[in-house]
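> Give me coordinates for this.
(one chain, ligands or ions: 2)
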Amino acid sequence: MTLTIALSKGRIFEETLPLLAAAGIVPAEAPESSRKLIIGTNRPDVRLVIVRASDVPTYVQYGAADLGIAGRDVLIEHGGAGLYQPLDLNIAKCKMMVAVENGFDYDAAVKHGARLKVATKYPQIAREHFAAKGVHVDIIKLYGSMELAPLVGLADAIVDLVSTGGTLKANNLLAVEHIIDISSRLVVNQAALKLKYDTIQPVLDAFAGAVPQ
Ligand SMILES: Nc1ncnc2c1ncn2[C@@H]1O[C@H](COP(=O)(O)OP(=O)(O)OP(=O)(O)O)[C@@H](O)[C@H]1O
Ligand SMILES: O=P(O)(O)OC[C@H]1O[C@H](OP(=O)(O)OP(=O)(O)O)[C@H](O)[C@@H]1O
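Ligands and ions are numbered 1, 2, ... in the order given. Below is the predicted model:
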């Protein structure tokens with residue numbers, strides 16, 4: 001039975017290579033240098049499909065892929081329907097944070113009870129965070145370059161991923177709240193786990209044994 005694994009290009013693909021190797025899987029091509037969306041491997045029964053990071057849960061949910069690797073951010077926004085999430089892979093680590101322009105008095109803005117304009121690619125996470133604090137927000141959905149929004153008056157604050165802090169610094173922004181720690185997880189289609197147990201379980205075991213500390 002063929003096993004299909006959904007991965008995104010970039011950091012997730014790079015950081016997944018050692019996990020795949022532990023399961024005896026070596027991609028036939030590098031997705032960065034190929035335009036192919038279906039990539040074979042050294043194992044005739046395993047293929048990779050290359051999708052947008054935020055589309056990985058959808059491919060696995062509907063069984064178009066049996067396994068996938070997706071960030072916790074993406075999984076929260078997707079909702080996780082139809083997905084089994086057996087393993088935190090401890091890769092693509094970063095933090096979901098609230099950030100504002102240097103000089104913006106965030107504490108005062110929150111205390112005053114006025115509505116805060118928040119730009120983000122992660123409306124679900126942002127909404128839950130501010131609801132728990134009892135802060136009224138207008139969420140402005142963006143698809144990237146969130147850091148620009150406070151600089152041009154689109155928003156008072158952003159909710160975005162921070163790793164080194166370099167992007168915030170380069171744009172004169174300051175992190176003011178830590179929402180959650182993010183890493184990527186293995187997701188499995190619930191029906192596939194039963195139907196393809198003999199193929200999937202050894203891959204899960206190999207990944208579990210190779211998770212970086
Ligand atoms: N700076 C970072 N450092 C570490 N991990 C990160 C960083 N930025 C994002 N991630 C994690 O890696 C995952 C994939 O990020 P990537 O940048 O490849 O895709 P994306 O551009 O966010 O997604 P899409 O293509 O769907 O818009 C994210 O979902 C997140 O969990
Ligand atoms: O704290 P840093 O180390 O600077 O990382 C943070 C940046 O990384 C992510 O962007 P990414 O690199 O994925 O760019 P993209 O969203 O344009 O793909 C995130 O959206 C931040 O902009």
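
> Skip ahead from the lowest-mean-pLDDT helix or strand in the chain and say which helix or strand is next.
Least confident element among the helices and strands of the chain, by mean pLDDT, DSSP states H and E: helix 106-112 (a mean of 91). Later in the chain than helix 106-112, the nearest helix or strand by DSSP states H and E is strand 116-120.

> mind listing what's buried in that following strand?
116-120 (16 or more other Cβ atoms under 10 Å). Placement of C-beta: from N, CA and C, glycine included.

> and what of stretch 60-80?
Neighbour-count burial for stretch 60-80 [16+ other Cβ under 10 Å]: 60-61, 65-78.

> now do stretch 182-200
182-189, 192-193, 196, 199-200.

> One more: stretch 25-36?
25, 27, 31.

> From ligand 2, how far off is the residue nearest to V26 when sequence neighbours are not counted?
In space, and not counting its chain neighbours, V26 is closest to N42: 4.4 Å by Cβ to Cβ, 6 or more residues apart in numbering. According to Cβ to the nearest ligand atom, to the nearest Å, N42 stands 29 Å off from ligand 2.

> Ok, N172 next?
Relative to ligand 2, and taking Cβ to the nearest ligand atom, N172 is found at 13 Å.

> And for that residue, the neighbour number?
Burial measure for N172: 12 neighbouring residues, criterion other Cβ atoms under 10 Å.

> so what does the longest strand along the chain touch, helix or strand wise?
Identified as the longest strand of the chain according to DSSP state E is strand 173-182. Under the contact definition 3 or more Cβ pairs under 8 Å, 6 or more residues apart in numbering; DSSP states H and E, strand 173-182 sits against helix 72-78, strand 94-101, helix 123-133, strand 157-162.

> Could you export the ones you listed as CSV, including distance to P150 and mean pLDDT?
Converted to CSV, the helices and strands packed on strand 173-182 look like this (distance: least, Cβ to Cβ, whole Å; pLDDT from 0 to 100):
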stretch, distance to P150, mean pLDDT
helix 72-78, 20, 98
strand 94-101, 4, 98
helix 123-133, 14, 97
strand 157-162, 6, 98
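
> okay, these, which one's buried deepest?
strand 157-162 (a mean of 24; mean count of other Cβ atoms under 10 Å).

> That one pairs with which strands, parallel or anti?
In the sheet, strand 157-162 lines up against strand 94-101 (antiparallel), strand 116-120 (parallel) (DSSP bridges).

> does any part of the first one sit near ligand 2?
No - using Cβ under 6 Å from any ligand atom, strand 94-101 stays clear of ligand 2, with a minimum separation of 6.5 Å.

> Stretch 112-121 too?
No - taking Cβ under 6 Å from any ligand atom as the criterion, stretch 112-121 and ligand 2 are apart, separated by no less than 7.4 Å.

> quick one: terminal-to-terminal distance for that stretch?
End-to-end distance for stretch 112-121: 26 Å, by Cα to Cα, to the nearest Å.
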